[in-house]
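**Q** Output the structure for:
(one chain, ligands or ions: 2)
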Amino acid sequence: MLNQYNLKMPTNVFAGPEAMHNLNVILKDSAAKIAIFTGGHIYKLGLLDEVIRIIENNGIEYDIISDIPAEPSYIQAQEVIDQFKVLNADLIIGVGGGSVMDIAKLASVLSTDDYTVKDLLDDPLLAKKQVPSLMIPTTAGTGSEATPNSIVGVPEKDLKVGIVNSELIADHVILDSSMIKNLPKPIAAATGIDALAHAIECFTSKKANPISDTFALEALDLILNNIIEACTDPNALEAKHNMLLGSFYAGVAITSSGTTAVHPLSYPLGGKYHIAHGVSNAILLTPVMKFNEPVIKVLLAKAYDRVVKEPNNELSVEEKSKYIIDLLEDIVKTLEIPTSLKTFNVPEEDLDGLVEAAMQVQRLLVNNMREVTPEDARKMYLEIM
Ligand SMILES: NC(=O)c1ccc[n+]([C@@H]2O[C@H](COP(=O)([O-])OP(=O)(O)OC[C@H]3O[C@@H](n4cnc5c(N)ncnc54)[C@H](O)[C@@H]3O)[C@@H](O)[C@H]2O)c1
Ligand SMILES: [Zn+2]
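**A** Ligands and ions are numbered 1, 2, ... in the order given. Here you go, the predicted model:
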């Protein structure tokens, strides 16, 4: 039986070499005052220079909120949004990784005093778009520029929680690989694995459908075949562009499908120990795929047929599936991302708390093809202790 499926995505997407010039096109139609959201060293690294130059050439007033923290809590998000509200901006531009884009997207529904970020955690459907937004990712990446999600830390739950509402989807996106050209290798690697996790989880999700499969498989192809070169060769601009495109497609796949057990098991690691989102996904990717393998091997074999450039047609479904899982494991090792929680001094006595927190993320656990019981979650955490 055919199920229904749906896709919502940003209206206006520019990609390719020097895609940033299209900011002129976006500004022609709108904006008397722009709020630019950014964080970390992005401003100091000069990544805003071109954006600011184009805004100034168009004679438009702007303010910069430059201090968005990495992986913000909902309290930090609210502080940033309170700064934003008084600016009375009529266009939001987010220039950064997922941390920046998630807050910029929240701002697009929060120029009102009618509800707060905390209220949206309790009831995401309260959100209504008030200010149009443009996302310019500087990591490849979360795919936040494509998704209806904003993820914030909830310290009292030791968890990261997603606020999901299609009102959060950006109106405009610019994918310009010059923004990720000088991304330090550890950040490029971890954020690249996040995109990889989005693609493979969405393809093997209970919510997978013909639209999400199209995007997830293309994302998987682009990411698996470019991630090493993009992360290790600063001049590999084509590989970097392919990563940016792949992470955007994986974000589109999230919107129509959904991630599975890697993300829910990863959220407590970000929420409690502040392990970067991509790193915690990298640690969990192989254990979760091995756990799921009995029920997803046909899908992994399909992925093999689609993405492996010189396939061996003699291989069985089991061998193709194993090839893909081994490839994921090799990529994480080659990119020197930690594979154990020992690196982060997570004590074994925290295990019960981790399991309890992960089991709360039913929003995503229900997408997993194989049911994850608390005992299964415990076993997977033990494997990475
Ligand atoms: N909304 C979604 O759909 C979605 C999906 C996945 C993850 N997320 C969330 O996104 C956040 C993680 O985002 P991220 O992985 O992009 O990392 P990030 O935005 O936290 O950035 C990581 C670090 O890299 C720096 N950085 C970013 N771009 C840079 C560049 N071009 N050059 C040098 N340094 C740069 C940042 O300043 C920061 O210090 C988490 O909060 C995660 O939960 C959201
Ligand atoms: Zn993710």
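**Q** What parts of this protein come near ligand 1?
**A** Within the chain, the positions adjacent to ligand 1 are 39-42, 45, 47, 70-71, 96-100, 102, 138-139, 141-144, 147, 149-151, 160, 179-180, 182-184, 187, 191, 194, 277-278 by CB under 6 Å from any ligand atom. Bear in mind the C-beta positions are built from the backbone N, C-alpha and C, glycine included.
**Q** and the residues you listed, which are buried?
**A** Buried members of these, counted by 16 or more other CB atoms under 10 Å: 39-40, 42, 47, 71, 96-100, 102, 138-139, 141-144, 147, 149-151, 160, 179-180, 183, 187, 191, 194, 277-278.
**Q** Next step: the residues you listed restricted to strands.
**A** Using DSSP state E, the subset of those located in strands is 39, 96, 149, 150, 151, 160.
**Q** Relative to residue 49, how far out is residue 382?
**A** Relative to residue 49, residue 382 is positioned 48 Å away (CB to CB, to the nearest Å).
**Q** neighbour count winner among those two?
**A** Shown here are residue 382 and residue 49; by other CB atoms under 10 Å, residue 382 has more neighbours (13 against 10).
**Q** List the residues that contact that one.
**A** By CB atoms under 8 Å, 6 or more residues apart in numbering, the contact list for residue 382 reads residue 351.
**Q** And it, how close does it get to residue 376?
**A** In terms of CB to CB, residue 382 sits 11 Å off from residue 376.
**Q** Strands of the stretch 151-300 of the chain, start to end?
**A** Here the stretch 151-300 of the chain has its strands, by DSSP state E, counting those that start in this stretch, at 159-164, 172-175.
**Q** so how far is the longest one from its chain's centroid?
**A** The reference is to strand 159-164. Here the centre of strand 159-164 is set off from its chain's centre by 12 Å, with CA atoms, centre = their mean, to the nearest Å.
**Q** Tell me the helices and strands packed up against it.
**A** Where contact means 3 or more CB pairs under 8 Å, 6 or more residues apart in numbering; DSSP states H and E, strand 159-164 is packed against helix 117-122, strand 149-154, helix 262-273.
**Q** by how many degrees do the last one and strand 159-164 diverge?
**A** Helix 262-273 runs at 130 degrees relative to strand 159-164, counting by axes from the mean of the first three to the mean of the last three CA atoms, to 10 degrees.
**Q** related to what we said a few turns ago, need the winner for burial among the strands of the stretch 151-300 of the chain.
**A** Between these, strand 172-175 has the highest mean count of neighbours, a mean of 24, where neighbours are mean count of other CB atoms under 10 Å.
**Q** what about that one, distance to the chain center?
**A** Taking CA atoms, centre = their mean, one finds strand 172-175 lying 15 Å from the centre of the chain it belongs to.
**Q** that older thread, turn the helices and strands packed on strand 159-164 into TSV, including distance to residue 359.
**A** Formatted as TSV, the helices and strands packed on strand 159-164 follow (distance: least, CB to CB, whole Å):
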stretch	distance to residue 359
helix 117-122	18
strand 149-154	15
helix 262-273	8
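**Q** so what's residue 237 closest to, chain neighbours aside?
**A** residue 177 (5.6 Å; CB to CB, 6 or more residues apart in numbering).
**Q** And the one you found, how far from residue 298?
**A** Here residue 177 is placed at a distance of 35 Å from residue 298 (CB to CB).
**Q** So for the two, which residue has more residues nearby?
**A** Neighbours per residue (other CB under 10 Å) separate residue 177 from residue 298, with residue 177 holding more: 23 against 13.
**Q** any idea of the pLDDT on the residue found closest to residue 45 once you drop the neighbours it is linked to in the chain?
**A** Once flanking residues are discounted, residue 45 sits nearest to residue 182: 7.0 Å by CB to CB, 6+ apart. Residue 182 carries a pLDDT score of 92 in this model.
**Q** tell me the contacts of the residue nearest the centre of the chain?
**A** Note on the chain: the residue nearest the mean C-alpha position is residue 142, at 1.9 Å, using CA atoms, centre = their mean. Taking CB under 8 Å, 6+ apart as the criterion, residue 142 is in contact with 97, 98, 101, 102, 191, 194, 195, 198, 247, 251, 277.
**Q** Please report the distance of the residue nearest to the last one when sequence neighbours are not counted from residue 8.
**A** Translated: residue 277. Closest residue to residue 277 apart from its sequence neighbours, by CB to CB, 6+ apart: residue 270 at 5.5 Å. Look at residue 270 and residue 8: by CB to CB, they are 26 Å apart.
**Q** where does the stretch 201-350 of the chain dip in pLDDT?
**A** Nowhere does the stretch 201-350 of the chain drop to pLDDT under 70.
**Q** all helices for it, in order.
**A** Per DSSP state H, counting those that start in this stretch, the stretch 201-350 of the chain carries helices over the ranges 210-224, 227-232, 237-256, 262-273, 277-307, 317-334.
**Q** Show me the one of these that comes nearest residue 204.
**A** Of all the helices of the stretch 201-350 of the chain, the one in closest proximity to residue 204, counting by CB to CB, is helix 277-307 (4.5 Å).
**Q** roughly how far is the closest one from the heart of the chain?
**A** Between the centre of helix 277-307 and the centre of its host chain there is 17 Å, according to CA atoms, centre = their mean.
**Q** packing partners for it?
**A** Applying 3+ CB pairs under 8 Å, 6+ apart, one finds that helix 277-307 contacts helix 185-203, helix 210-224, helix 262-273, helix 317-334, helix 374-383.
**Q** what's the neighbour count on residue 157?
**A** Per other CB under 10 Å, the neighbour tally for residue 157 reads 16.
**Q** In contact with residue 193, which residues?
**A** 227, 278, 279, 281, 282, 285, 331, 332, 335, 337.
**Q** Looking at residue 270 and residue 8, which one has more neighbours?
**A** A side-by-side neighbour count of residue 270 and residue 8, using other CB under 10 Å, places residue 270 first with 22 against 14.
**Q** Surely the more buried one is in contact with residue 161?
**A** No - assessed by CB atoms under 8 Å, residue 270 is found out of contact with residue 161, at 10.4 Å.
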